[in-house]
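Visitor: sequence and predicted structure below; questions after.
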Amino acid sequence: QVQLVESGGGLVQAGGSLLLSCAASGLTFSSYSMGWFRQTSGKEREFLAVISWKGDNTYYEAPARGRFTISRDNAKNTVYLQMTSLKPEDTGVYYCKAVRPATIIWGQGTQVTVSS
């Protein structure tokens, strides 16, 4: 069964940090580019960051740039999102996504809540 399972979400105070993980199973993880997205209150799902299959290329959108770091461990079939300097507006559901030609797989999401 192909599956992406996010974990690591929770409640954190503003200025704090969280490490999100996304564990993949049932797929050849190292052949996929991996991305992180989020859906905050009243907004559509937005792209945050992507990492290439080999892990040697990354890209960040503005909300993540300078505060979040995406990384992956192909031996563990896991992609990470290290989030620092969290703000209340970062509150939302965070999703990972696996992409390769003709294939897109989403995880179920993990809730992140940042209190002021």
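Guide: Ah, there it is.

Visitor: residue 55 versus the residue positioned nearest the centre of the chain, what's the distance?
Guide: The chain has residue 36 as the residue nearest its centroid, 3.1 Å off, counting by Cα atoms, centre = their mean. Applying Cβ to Cβ, to the nearest Å, the value for residue 36 to residue 55 is 14 Å. For every residue, glycine as well, the C-beta is placed using N, CA and C.

Visitor: low-confidence stretches in this protein?
Guide: Scanning the chain for pLDDT under 70 picks out nothing.

Visitor: hmm, residue 49 and residue 63 touching each other?
Guide: No - using Cβ atoms under 8 Å, residue 63 is not in contact with residue 49; the gap is 9.4 Å.

Visitor: ok, the two, which is more surrounded?
Guide: Taking neighbours as other Cβ atoms under 10 Å, residue 63 and residue 49 compare with residue 49 leading, 21 against 17.

Visitor: beta-bridge partners for the more buried one, please?
Guide: Residue 49 forms beta bridges with residue 36, residue 60, as assigned by DSSP bridges.

Visitor: same deal with residue 22?
Guide: residue 6, residue 79.

Visitor: contacting residues for it?
Guide: 4, 5, 6, 7, 34, 36, 78, 79, 80, 81, 96, 107 (Cβ atoms under 8 Å, 6 or more residues apart in numbering).

Visitor: with residue 78 instead?
Guide: Contacts of residue 78 (Cβ under 8 Å, 6+ apart): 21, 22, 23, 24, 72.

Visitor: before we move on, what about residue 12?
Guide: 18, 86, 112, 113, 114, 115.

Visitor: among these, which ones are in strands?
Guide: Counted as lying in strands by DSSP state E, out of these, are 18, 112, 113, 114, 115.

Visitor: just the closest of the contacts of residue 78 to residue 41, please.
Guide: Within the contacts of residue 78, the smallest distance to residue 41 is 22.1 Å, found for residue 22 (Cβ to Cβ).
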